[in-house]
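Enquirer: how would this look folded up:
(one chain, ligands or ions: 1)
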Amino acid sequence: MVFKNKKKFSHKINKFGKNKPSKPKQKIKRHVREDEEIKKLQEAYENMPKSSDIKTFDDFPLSSLTRKGLKENKYKIPTEIQKQSIGQALKGNDILGASKTGSGKTLAFLIPILENLYIKKWTRIDGVGAIIISPTRELAYQIFETLKKVGSHHDFSSGLIIGGKNLKFEKCRMDQVNIIICTPGRLLQHMDENPLFNCTSMQILVLDEADRCLDMGFAETMNGIIENLPPERQTLLFSATQTKSVKDLARLSLNSPIYIAPHEKSEVTTPTLLQQNYVIINQEDKITMLWSFIKSHLKQKSIVFLSSCKQVKYIYEIFSRLRPGISLLALYGTLHQDRRMAIYDEFCKRSKVVLFATDIASRGLDFPIVSWVIQLDCPEDATAYIHRAGRTARHNASGESLLVLTPAEEPAMLEELKANKIPINQISIDPQRLFSPRVKMEAFLAQSQELKESAQRAFIAYLKSVYLMKNKKIFNIEAINFDEYAKSLGLVVTPRVRFLQRLRKKKEMQQKKLNGEEIDENNEQDTQSEDEDKDKKKQAKSIDLSALMAESDDDDAGLVRLKRKDHDIEDHDESQTLEEIKAARKEKLITKAALAKKLLKKKIIPNNKIQFDDDGKIIVNTAKQLQSDLAKEYEEADEGGIDIEKARELLREEDKYDRQRFKELVKKKHQDKKKKLKKKKLAEKKESDDEIEDDADDFESGSEPDISWLPDYDKIKAKENGNDEDFNDDSDESPIHKLPKKLYEKKRQASESSLESEIEMPKAKKPKKDIASKLNLIEVEQLAMSLLGS
Ligand SMILES: Nc1ncnc2c1ncn2[C@@H]1O[C@H](COP(=O)(O)OP(=O)(O)OP(=O)(O)O)[C@@H](O)[C@H]1O
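Expert: This next block holds a predicted model:
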C-alpha cells in the first residue's frame, strides 16, 4: 500500500514513477516517440472501432505502455462492459456503466484514466489528474493494486487515500500524486484541511459503486467533494446496480452521459454461472443451520453475511471457541484498519476458510475462488442481494449462493428478487443433518461474561437492524420470537430491548392522543424527557460523527450510516434542492478543523483546569504561570512556531523564579515544623500543670494529713524579724496556704525553667493561696519539721 509507511510510499512512487534515470539523448528520443504515438492515438480516436468489432485489447487505440501492462497481467480479451465503455471513455464522454458483478468494470475505468493522462502528457508536477472514489477502504485498496499492475509502465504516481491511515503522512505527499484512489470521507478531509491538496486541474473523476457513493450514507460528503471539483472534467460512473436517479446525475453535472448496460438485454441481472438458492427457516434456527453448513463444507471457501458488526463479532468469537475444523475470519467496519487489511489479504490467500462479514465486504471485492456466499440475515433489498451474491461466480468462474429467509421475510423478498430478474430456487434442509451447538454455546457464555455481553449486544443489534429497515413488508420485528432467538445465541435470559419499549410507549401515547383519551401526565413527561435526552445525545453524536466522518468512511460502523428513511435518524427531504442540501451541509458539517478554529477563536484552552475557592474566586496557581517579563512579552507576541533561542532564554528566566519559589517553600516548611514542635511541648507542659493541680486538689480533698493546726512559721519568723509585710494579710484563707515569697519564686522558676529554654512565655503571677495549696507532702513535712525544730 502506498501510504502504509513512509518507506513503502517512496518505493511505490519510484517504482510507479521513474524506473531508471535515462540519459538525455535517450530522453529526447523517448519524447519524440511518445509525441508520435500520442498523435497517432488521437487520430485513431476519430475512427474508434465498434464494440462488436473488438476482439482483443489490441483492437483499441491504446498506448504501448498500457498494452504492455495488460499483456503482463494476462488481460487479452476485453469483457463486454470493457468493449462497450473503453472506446467511449477514450473519446472523452461521460459514462454511466452498469454490468453484472465480476464483469470487469475496474479495467473499464482504469484504462481510460491511464490513456487520458498519457495523451495529455501528464507529469508528476501537474498534480492530481484523476480521482477514483470507492465506498469502502478494501475496495479502494483493490483498485489501487490493479492500477499498480496495469499501469506499471506509466510514469504516473498514485496514492491510496483511505481512513484509518496516517493523515499527516498523506498530507505532505498529496501534491505529488497524479491518480488518487480514495474513500469519500478521507478525500473531503484532505479537501478541507490540507493546503497541499489541489485538484483544480483534475481531468477525470470515477465513482466505483456509484449508486452506493451517491446514496444517503455519503450524501453530505459527496456534495462537499463535488463542490470542490472543477466542473470541466470527464466523469465515469460504474456499478452493477447503476443509479438512474436524475437528481444524482444532476448533482454530478454529467455532460450528456452515455448509458452502457450490457446486462440490460440479459434475462437475468446476476452472473450466469451463479447458482442461487434460498432456504426458509425460523430466526432461532439460523445458528444451527450455519454451524451445520460450516461443518459440512470444511474444504471450501465461503462468505457469511450478517446485518451488523456486533453479530459478526459474536458469531466469529463463539464459533472460534466451538472449533469447527476450518479457519474462521471476521471483517467488519469497527475493526482497526490494519487488521481489516490483514484479514482481507488472509481471505484472498486461503482456499479453505469461512469469512463472517457485514456489508463492507459486499461491494466490489474480488476474492478469488469463493465457492459459497451465505446471506444469513436477509439483505436490505435486491440491490444488496446482487452485490453480496456477486462475491462468487466472478469472471467466468462458477459459484453458489444461499439466501436464508424467515417465513415472515419470504413472500416480499422473493417478490423483490423476481422483480429484479434474479432467478432463485428453494432448497430444503435435511433436519437429520442439523447439529445444534446451543448447549456448548450456553456453557461458553456461562464461563465468560465478556462473551455473554457480546451475545447480548449481537441480539440487540440484530433487532435494531430489522427495526430500521425501510421495507416493512420484508422486515417485521413483531414476527421475531425474542426469547427463542436469544436462546439460539446461547443466552439463558432474554436481554431487555429498551429501544423497542420506548418506541411502543411513544406510539401508545400518540394513539391515545389521537383518540382524545386522557394521558397519564407523568408517563408523558417521562417519555418526553427520554426523547429530549435522546435528542441531546443525538446532537452531541452528530458533532462527534462529523468529526469522525473523516476517519470512518465505510458504511457499517454500527447502525449509523443508513440509506433507509423511515426511522428516527435524521434524513434529507427528497424534495430538497441541491442548493438546500448544500446550505444544510454548511450548517451541519463540523469538521475537526472547524472545531479547532472555534476553540482558538473563543480562546478556549483544552484540558485547562480552573479551581475556585469558596467565594467563587479563581485560585491562581502561580507555579503554572509565567512570571518573567520576557515570558509575558513572548506570549503576547504569539508569532506562531517556536523560536528555540528565545525559548531557551525564556526558560532560564523562568528558572530563577522557580528557584526563588522553591526556597520560599522550604523555608515555610521549616517554620511550620518549628511551630508544630512548640505546640506539642506546650501541650505537654499544660498536661503536667494539670497533674500538679490535680495533686493539690487531692491534697485539699483530705486524702493527705491535715496540718492546719500547725503554727504559721512565716508569721513567727516575720515577728522575730519585726517584718510581717511580706504576707498577704487580706486573705481570709488559712495561713498554711500562703507560701513565703522566696519559696514561691523558687518553685515558679523551677516549674518554668524547662519552658524558658524553648520558648519565651509571659510570666504569669500565681496567687499565693494557690501556691500554698501546691505543696506536696514532703515539702509540708519539711516545713513542719523546721517549725517544730524552731
Ligand atoms: N478482460 C479481462 N480478462 C480477464 N480477466 C478479467 C478481465 N477483466 C477483468 N477481469 C478479472 O475479472 C475479475 C472481476 O473484475 P472486477 O473486479 O473488475 O469486476 P467488477 O465488474 O468490478 O465486479 P463488481 O461489480 O463486483 O465490482 C477480476 O479478477 C479481474 O481481474
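
Enquirer: need the three-state assignment for Lys668.
Expert: Three-state assignment for Lys668 (DSSP: H, G, I helix; E, B strand; the rest coil): helix.

Enquirer: what's the neighbour count on it?
Expert: Neighbourhood size, Lys668 [other C-beta atoms under 10 Å]: 10. Where you see a C-beta, it was placed from the backbone N, CA and C, and this is true even at glycine.

Enquirer: for stretch 472-482, which positions count as buried?
Expert: By neighbour count on 16 or more other C-beta atoms under 10 Å, the buried set for stretch 472-482 is 474-477, 480, 482.

Enquirer: what is the mean pLDDT for the helix or strand encompassing Asn116?
Expert: According to DSSP states H and E, Asn116 maps onto helix 105-119. Averaging pLDDT along helix 105-119 gives 97.

Enquirer: likewise stretch 508-516?
Expert: Mean predicted confidence for stretch 508-516 is 79.

Enquirer: using CSV, list the CA coordinates for the helix holding Asn116.
Expert: Only the C-alpha atoms of helix 105-119 are listed here, as CSV (Å, rounded to 0.1, in the frame of the first residue of the first chain):
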residue,chain,number,x,y,z
LYS,A,105,-15.7,-2.8,-14.5
THR,A,106,-12.4,-1.9,-12.8
LEU,A,107,-10.4,-2.1,-16.0
ALA,A,108,-13.2,-0.3,-17.8
PHE,A,109,-12.3,2.8,-16.0
LEU,A,110,-8.6,2.3,-15.2
ILE,A,111,-7.6,2.0,-18.9
PRO,A,112,-9.3,5.3,-19.9
ILE,A,113,-7.6,7.1,-16.9
LEU,A,114,-4.1,5.9,-17.9
GLU,A,115,-4.8,6.8,-21.6
ASN,A,116,-6.3,10.2,-20.8
LEU,A,117,-3.3,11.3,-18.7
TYR,A,118,-0.9,9.8,-21.2
ILE,A,119,-2.4,11.7,-24.1
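
Enquirer: residue in the stretch 301-450 of the chain nearest to the ligand?
Expert: His395 (3.2 Å; C-beta to the nearest ligand atom).

Enquirer: tally of neighbours for that residue?
Expert: 13.

Enquirer: assign a three-state SS to it, would you?
Expert: His395 - assigned by three-state DSSP - is coil.

Enquirer: who's in contact with it?
Expert: 79, 102-104 (C-beta atoms under 8 Å, 6 or more residues apart in numbering).

Enquirer: dump these to JSON lines, plus neighbour count and distance to Arg433.
Expert: Putting the contacts of His395 into JSON lines (neighbours: other C-beta atoms under 10 Å; distance: C-beta to C-beta, whole Å) gives the following:
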{"residue": "Thr79", "neighbour count": "20", "distance to Arg433": "39"}
{"residue": "Gly102", "neighbour count": "23", "distance to Arg433": "31"}
{"residue": "Ser103", "neighbour count": "22", "distance to Arg433": "35"}
{"residue": "Gly104", "neighbour count": "19", "distance to Arg433": "38"}
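
Enquirer: can you narrow those down to the ones near the ligand?
Expert: Among the contacts of His395, the residues that sit close to the ligand (C-beta under 6 Å from any ligand atom) are 79, 102-104.

Enquirer: still on that earlier bit, sort out for me which of the contacts of His395 are in strands.
Expert: Using DSSP state E, the subset of these located in strands is empty.

Enquirer: for the ligand, state which of those residues is nearest.
Expert: Gly104 (2.9 Å).

Enquirer: contacting residues around that closest one?
Expert: Applying C-beta under 8 Å, 6+ apart, we find Gly104 in contact with 78-79, 81-82, 395.

Enquirer: could you redo the residues you listed as TSV and give each row pLDDT?
Expert: Below are these laid out as TSV (pLDDT from 0 to 100):
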residue	pLDDT
Pro78	97
Thr79	96
Ile81	96
Gln82	97
His395	93
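
Enquirer: and which of the residues you listed is nearest to Gln511?
Expert: Ile81 (52.1 Å; C-beta to C-beta).

Enquirer: for the closest one, which non-adjacent residue is closest in space?
Expert: Ser99 (3.7 Å; C-beta to C-beta, 6 or more residues apart in numbering).

Enquirer: okay, that neighbour and Val493: tell me how far apart.
Expert: Distance of Ser99 to Val493, given as C-beta to C-beta, to the nearest Å: 50 Å.

Enquirer: so Gly325 is in contact with Ser296, correct?
Expert: No - counting by C-beta atoms under 8 Å, Gly325 does not reach Ser296; the two are 10.6 Å apart.

Enquirer: neighbour count winner among Ser99 and Val493?
Expert: Each of Ser99 and Val493 has its neighbours counted (other C-beta under 10 Å); Ser99 has more, 26 against 10.

Enquirer: for the more buried one, what are its contacts?
Expert: 79-81, 105, 240, 260-263.

Enquirer: what helix or strand is Lys680 located in?
Expert: helix 644-698.

Enquirer: which secondary structure elements does that helix contact?
Expert: Contacts defined by 3 or more C-beta pairs under 8 Å, 6 or more residues apart in numbering; DSSP states H and E place helix 644-698 against helix 629-637, helix 741-758.

Enquirer: those helices: lowest mean pLDDT?
Expert: Of all the helices and strands packed on helix 644-698, mean pLDDT reaches its minimum on helix 741-758 (a mean of 49).

Enquirer: now Tyr31: which helix or strand?
Expert: Residue 31: His, not Tyr. Using DSSP H and E, the element containing His31 is helix 24-46.

Enquirer: if we can go back for a sec, now, which of the contacts of Gly104 lie within helices?
Expert: Judged by DSSP state H, those include 81-82 as members of helices.

Enquirer: what residues does the stretch 351-500 of the chain put near the ligand?
Expert: Checking the stretch 351-500 of the chain against the ligand by C-beta under 6 Å from any ligand atom, the hits are 364, 366, 390, 394-395.

Enquirer: now those in TSV, with distance to Asp338?
Expert: Output for those, formatted as TSV (distance: C-beta to C-beta, whole Å):
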residue	distance to Asp338
Gly364	21
Asp366	21
Gly390	27
Arg394	26
His395	29
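
Enquirer: can you name the two of those residues that are farthest apart?
Expert: Top of the distance list for these (C-beta to C-beta): Gly364 and His395, 13.2 Å.

Enquirer: kindly list the single helix or strand of the chain that scores lowest on mean pLDDT.
Expert: In the chain, no helix or strand scores lower on mean pLDDT, DSSP states H and E than helix 6-16, which sits at a mean of 37.
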